[in-house]
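Engineer: Compute the structure for the input listed below.
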Amino acid sequence: QVQLVESGGGLVQAGGSLRLACAASGGTFRRYAMGWFRQAPGKEREFVAAIGWRDDNSIYSDSVKGRFTISRDNAKSTVSLQMNSLKPEDTAVYYCASISSGSVYRADDYDYWGQGIQVTVSS
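Structural biologist: Numbering: from 1, shown residues only. As a prediction, the model looks like this:
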């Protein structure tokens with residue numbers, strides 16, 4: 001059983017930055033690819049970014065590409081999401097999740113999820 005705990009959310013003005021972190025415990029972290037998703041009120045959960053287990057392959061949704069950076073530290077069992085040039089439309093609850101097989105774009109293929117953390121971007 002893997003436990004994931006997000007931190008680093010909060011309120012920021014448009015154009016600002018936040019760094020989310022996700023700490024994993026209870027499993028072999030380096031075996032999993034990791035992803036970040038977000039869900040805004042009234043909307044479905046959407047893919048944001050994912051990173052392979054060796055930290056050499058990352059992908060992003062078109063809406064965040066060039067502004068967000070995902071990274072991981074296997075020694076510390078953490079995955080981070082650096083968010084720059086934030087926009088009001090980035091406001092959502094952000095979730096980290098781990099996946100052992102399947103498509104990193106599909107929320108249903110992920111095995112474990114964090115509880116989520118709120119990010120609010122004011123205009």
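Engineer: Going by C-alpha atoms from here, please, whenever you check contacts or count neighbours.
Structural biologist: Fine.
Engineer: Distance-wise, check the residue positioned nearest the centre of the chain relative to Ser77.
Structural biologist: Centroid check for the chain by CA atoms, centre = their mean gives Trp36 as the closest residue, at 2.3 Å. Trp36 is 15 Å from Ser77, where distance means CA to CA, to the nearest Å.
Engineer: what do you get for Gly27?
Structural biologist: For Gly27 relative to Ser77 (CA to CA), the value is 9 Å.
Engineer: cool, Leu18 as well?
Structural biologist: Relative to Ser77, Leu18 is positioned 20 Å away (CA to CA).
Engineer: who's in contact with Ile70?
Structural biologist: 49-51, 58, 79-82 (CA atoms under 8 Å, 6 or more residues apart in numbering).
Engineer: tell me the secondary structure for it?
Structural biologist: Of the three states, Ile70 takes strand under DSSP: H, G, I helix; E, B strand; the rest coil.
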